[in-house]
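> From the sequence below, what's the structure:
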Amino acid sequence: MADSSKKTREATRLRAISINRIGGVRVPVYIGPQTSRASGPNQAQFASYLGVLARPKVSILVPDWDHVTEVEKNLIWQDLCVSNSFIG
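Numbers count the residues shown, from 1 in each chain. Model (predicted):
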């Protein structure tokens, strides 16, 4: 018999970003000019948001980011620009 109280991973909702978008608030994220990586206090939130954008566009069978097509990357980039939730 399975233990029904076992903790499972819940869906990433990013409620704060949705609320901020409605209110017109943009979250600052710092992108390193040499590394092109996000840093700062909102780094984890930004990474989670990118995951939410990428999940419906990229197959789970793709082994890593290097194997994602440029078309898919551009679609994710366009969604990020349209959302206007982060200041880079």
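> From here on, just use CA atoms for contacts and neighbour counts.
Will do.
> For the residue most central in space within the chain, list the residues it contacts.
Closest residue to the average C-alpha location of the chain: residue 50 at 1.7 Å, with C-alpha atoms, centre = their mean. Residue 50 is in contact with 76, 80, counting by C-alpha atoms under 8 Å, 6 or more residues apart in numbering.
> Checking it next. Helix, strand or coil?
Classification of residue 50 using DSSP: H, G, I helix; E, B strand; the rest coil returns helix.
> number of nearby residues for residue 46?
Counted with other C-alpha atoms under 10 Å, the neighbours of residue 46 add up to 20.
> buried ones in the host helix or strand of it?
Assigned by DSSP states H and E, residue 46 belongs to helix 43-54. Applying a neighbour-count criterion of 16 or more other C-alpha atoms under 10 Å, one finds 43, 46, 49, 52-54 buried in helix 43-54.
> before we move on, the earlier item: per-residue confidence at the residue nearest to the centre of the chain?
According to the predicted model, the pLDDT of residue 50 comes to 85.
> Could you do the one 4 residues further on as well?
Turning to residue 54, the model gives it a pLDDT of 89.
> got it, and residue 2?
pLDDT at residue 2 comes out at 57.
> The one 5 residues further on too?
In this model, residue 7 is scored at 75, pLDDT.
> same question, residue 21
So residue 21 comes in at 61 (pLDDT).
> For the chain, give me the ranges with low pLDDT.
Residue ranges of the chain with pLDDT under 70: 1-4, 9-24, 84-85, 87-88.
> Quick one: the helices in it, in order.
Ranges of helices in the chain, per DSSP state H, are 15-23, 43-54, 70-83.
> what's in contact with the last one?
By C-alpha under 8 Å, 6+ apart, the list of residues contacting helix 70-83 from outside reads 21, 50, 53-54, 57-58.
> tell me which residues of it are tucked away?
76, 80.
> Just the CA atoms of that helix, as PDB, please.
C-alpha atoms of helix 70-83 as PDB (Å, rounded to 0.1, in the frame of the first residue of the first chain):
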ATOM      1  CA  GLU A  70      17.800  28.100 -32.200                       C
ATOM      2  CA  VAL A  71      14.200  28.400 -33.200                       C
ATOM      3  CA  GLU A  72      13.100  27.100 -29.800                       C
ATOM      4  CA  LYS A  73      15.500  29.400 -28.000                       C
ATOM      5  CA  ASN A  74      14.300  32.400 -30.000                       C
ATOM      6  CA  LEU A  75      10.600  31.600 -29.100                       C
ATOM      7  CA  ILE A  76      11.600  31.500 -25.400                       C
ATOM      8  CA  TRP A  77      13.500  34.800 -25.800                       C
ATOM      9  CA  GLN A  78      10.500  36.400 -27.500                       C
ATOM     10  CA  ASP A  79       8.200  35.200 -24.600                       C
ATOM     11  CA  LEU A  80      10.600  36.700 -22.100                       C
ATOM     12  CA  CYS A  81      10.700  40.000 -23.900                       C
ATOM     13  CA  VAL A  82       6.900  40.200 -24.200                       C
ATOM     14  CA  SER A  83       6.400  39.300 -20.600                       C
END
